[in-house]
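Q: Model the structure of this input:
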Amino acid sequence: MDGTGANPEMLPREILPGVFVCADVAELARLAARRFVDWAWQSIAKDGNFYVALSGGSTPRELYRLLATPEFRAQVDWPRVHLFWGDERAVPPDSPESNYGMARRELLVRVPIPAANVHRMEAEDPNIGRAAHNYEAVLRKSLPIDDRGFPRFHLIFLGLGTEGHTASLFPGSKIVRETSRWVSTPLVAKLGARRMTLTLPVLEGARRIVFLVAGAEKASILHTVLCEHSDPPLPAQMVTPREGERLFFVDEEAAAKIPATQSQSIPKGKS
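A: Residues are numbered from 1 along each chain as shown. Just a heads-up that it's a prediction; the model follows:
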């Protein structure tokens with residue numbers, strides 16, 4: 001045990017710069033929730049609000065559930081939090097496949113965030129291109145703009161697909177190289193459907209990018225993203241904040257193939 005009463009083996013450890021390994025998904029969610037609370041207070045104190053883009057998937061679900069618990073819910077000034085999404089499927093908001101729908105069930109209905117602070121992507125619109133244009137208008141109205149003319153999120157959560165995609169930026173898609181639009185609607189060939197996604201320049205404008213990655217099925221691609229030089233680079237490799245930091249919160253299974261160049265536990269009070 002350390003001075004906090006926690007087992008040092010259970011604390012997150014940094015194995016590569018910015019790559020923090022947790023024992024399992026539950027500990028990963030706890031690390032992300034603690035950081036969310038800290039970053040929320042810092043951003044609100046400095047800028048008055050906390051602008052966050054959420055991700056879909058099973059790993060973020062655990063984070064949202066934890067943020068909605070009494071332990072964490074009361075630590076966040078929810079009326080100052082504005083939530084957006086990194087990408088969305090072309091499904092109604094009540095669909096089991098909706099990223100917004102998952103966040104609503106696990107988090108939004110359980111915390112006192114004003115409805116006006118929740119900015120979902122209306123990707124179910126039959127004219128998804130028009131919906132993307134409308135979402136860009138929402139971003140322009142809601143967010144501060146950086147010196148390159150792109151929105152400035154405080155925090156963007158991202159996932160990692162087994163082929164190296166993140167948000168709905170897939171390998172080989174021309175959308176990955178998009179340099180002007182903020183929101184795009186790529187056709188996902190293997191699914192035969194369009195999605196709505198923030199573009200790479202918008203992701204790169206964030207103050208902080210956090211990839212949440214868990215499970216043995218992600219071990220190979222995580223190694224590729226962090227330790228190899230793909231040509232052309234995978235979308236997940238291309239996401240690097242211009243003036244911020246990129247972090248990976250991963251579990252032991254996902255980190256299994258990464259060589260541990262450093263393995264230092266984080267003191268509990270600093271996580």
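Q: all contacts plus neighbour counts: C-alpha atoms, from now on.
A: OK.
Q: does residue 203 belong to a helix or a strand, and which?
A: helix 200-204 (DSSP states H and E).
Q: Do me a favour and average the pLDDT over that helix.
A: Within the predicted structure, the mean pLDDT of helix 200-204 is 96.
Q: Counting neighbours, which bits of the helix or strand that comes right after it end up buried?
A: Of the helices and strands lying after helix 200-204 in sequence (DSSP H and E), the nearest is strand 208-213. With burial defined by 16 or more other CA atoms under 10 Å, the residues of strand 208-213 counted as buried are 208, 209, 210, 211, 212, 213.
Q: how near is the fourth one to residue 130?
A: Distance check for residue 211 against residue 130: by CA to CA, to the nearest Å, it reads 29 Å.
Q: Residue 215 contacts residue 249, correct?
A: No: between residue 215 and residue 249 there is no contact under CA atoms under 8 Å: 11.9 Å.
Q: which of those two has more neighbours?
A: residue 249 (25 against 16; other CA atoms under 10 Å).
Q: Any idea what the more buried one is bridged to?
A: Note on residue 249: beta-bridge partners residue 20, residue 212, judged by DSSP bridges.
Q: do you know how far residue 75 is from residue 142?
A: In this structure, residue 75 and residue 142 are 24 Å apart, going by CA to CA.
Q: Likewise for residue 169?
A: As for residue 169, its distance to residue 142 is 23 Å (criterion: CA to CA).
Q: of these two, who's got more company?
A: Relative neighbour count places residue 169 above the other of residue 169 and residue 142, with 29 against 14, counting by other CA under 10 Å.
Q: check contacts around that one.
A: 175, 176, 186, 197, 199, 235 (CA atoms under 8 Å, 6 or more residues apart in numbering).
Q: Looks like residue 168 contacts residue 193 (just checking).
A: No: the pair residue 168 and residue 193 does not pass the contact test of CA under 8 Å, sitting 11.4 Å apart.
Q: Compare the two (neighbour count), which wins?
A: Neighbours were tallied for residue 168 and for residue 193 using other CA under 10 Å; the higher tally belongs to residue 168 (27 against 12).
Q: Show the pLDDT at the more buried one.
A: In the prediction, the pLDDT value recorded for residue 168 is 94.
Q: give me every residue that touches it.
A: Listed by CA under 8 Å, 6+ apart, the contact partners of residue 168 are 87, 88, 186, 195, 196, 197, 198.
Q: residues near the fourth one, how many?
A: Residues lying near residue 195 (other CA under 10 Å) number 22.
Q: and the helix or strand containing it, which strands flank it?
A: Taking DSSP H and E as the definition, one finds residue 195 inside strand 193-198. Strand pairing for strand 193-198, determined by DSSP bridges: strand 87-89 (antiparallel), strand 183-184 (antiparallel), strand 187-188 (antiparallel).
Q: which other residues reach that strand?
A: Surrounding strand 193-198, the residues in contact under the criterion CA under 8 Å, 6+ apart are 86-90, 121, 123, 128, 132, 167-169, 182-188.
Q: again, 10 Å this time
A: Counting contacts by CA atoms under 10 Å, 6 or more residues apart in numbering, the residues outside strand 193-198 that touch it are 53, 85-91, 121-124, 128-129, 131-132, 135-136, 166-169, 175, 181-188.
Q: to the chain's geometric centre, what's the distance from it?
A: 16 Å (CA atoms, centre = their mean, to the nearest Å).
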